[in-house]
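> Here is my input; please provide its structure:
(one chain, ligands or ions: 1)
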Amino acid sequence: MAIQSIRLFGDPVLRTPAAPVTDFDKELRKLVKDLTDTMLDAPGAGLAAPQIGVGLRVFTYYVDDQLGHLVNPSLDLSDEMDEEGEEGCLSFPGLSYPTPRAIRAVAKGFNMHGEPVTLEGTDLMARCFQHETDHLDGILFIDRMDPEQRKLAKKAIREAEWFGTPAPTFKLSPHATHGKAL
Ligand SMILES: [Zn+2]
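Numbering: from 1, shown residues only. The predicted structure follows:
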């Protein structure tokens, strides 16, 4: 198991477009394993490499008991939309909002061995492919919401305890202070 820490909204890596994978090597297989382990541990339905700080076009998914990954994805989307489906993101803990997405998606790309793969998804699977491919372009689900939902989401983000809290710079004394302020 190689569980990585998940980057939260505000981290610039989530707004940085990821680079195509060119080497289908041992490093890539380790990345797919780290993404899979981290996604299952969270737990989440999908995870994109930038969410663990890696700027490569790779994501994993675990939807309807189907576990997989895709490298260098490109999508063909249906015109038909699901306007109401709730969506969340591991980089925005605890928040989910109706987010418009195409109902069907065909995702083409490669597996970690460099073999071409075509995946077809509807509903949640299609939503997952779109959400994760967006991550690889630096696009986040708040960008896909209608303006009213986005306003609500941004307010909730500002109020979320995980947002914008700087890392503590002090160390706790290992010695008991018997209630005295220091
Ligand atoms: Zn996400």
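> Please count neighbours and contacts with C-alpha atoms only from this point.
Noted.
> Just give me the residue closest to the centre of the protein.
Nearest to the geometric centre of the chain sits L47, at 4.2 Å (C-alpha atoms, centre = their mean).
> Strands along the chain, start to end?
Using DSSP state E, the strands of the chain run over residues 46-48, 58-63, 66-77, 81-82, 86-88, 96-98, 101-102, 104-110, 116-122.
> remind me, longest helix of the chain?
Secondary structure of the chain per DSSP state H: the longest helix is helix 26-41.
> C-alpha coordinates for that helix, PDB please?
Extracted in PDB, the C-alpha atoms of helix 26-41 (Å, rounded to 0.1, in the frame of the first residue of the first chain):
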ATOM      1  CA  LYS A  26       7.800   1.100 -13.800                       C
ATOM      2  CA  GLU A  27       7.200   4.600 -12.500                       C
ATOM      3  CA  LEU A  28       3.900   4.800 -14.300                       C
ATOM      4  CA  ARG A  29       2.800   1.400 -12.800                       C
ATOM      5  CA  LYS A  30       3.700   2.700  -9.300                       C
ATOM      6  CA  LEU A  31       1.700   5.900 -10.000                       C
ATOM      7  CA  VAL A  32      -1.400   3.800 -10.900                       C
ATOM      8  CA  LYS A  33      -0.900   1.700  -7.800                       C
ATOM      9  CA  ASP A  34      -0.600   4.800  -5.600                       C
ATOM     10  CA  LEU A  35      -3.700   6.400  -7.100                       C
ATOM     11  CA  THR A  36      -5.600   3.200  -6.700                       C
ATOM     12  CA  ASP A  37      -4.600   2.700  -3.100                       C
ATOM     13  CA  THR A  38      -5.200   6.300  -2.200                       C
ATOM     14  CA  MET A  39      -8.600   6.300  -3.900                       C
ATOM     15  CA  LEU A  40      -9.800   3.100  -2.200                       C
ATOM     16  CA  ASP A  41      -8.500   4.300   1.200                       C
END
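> Many thanks, we can stop here.
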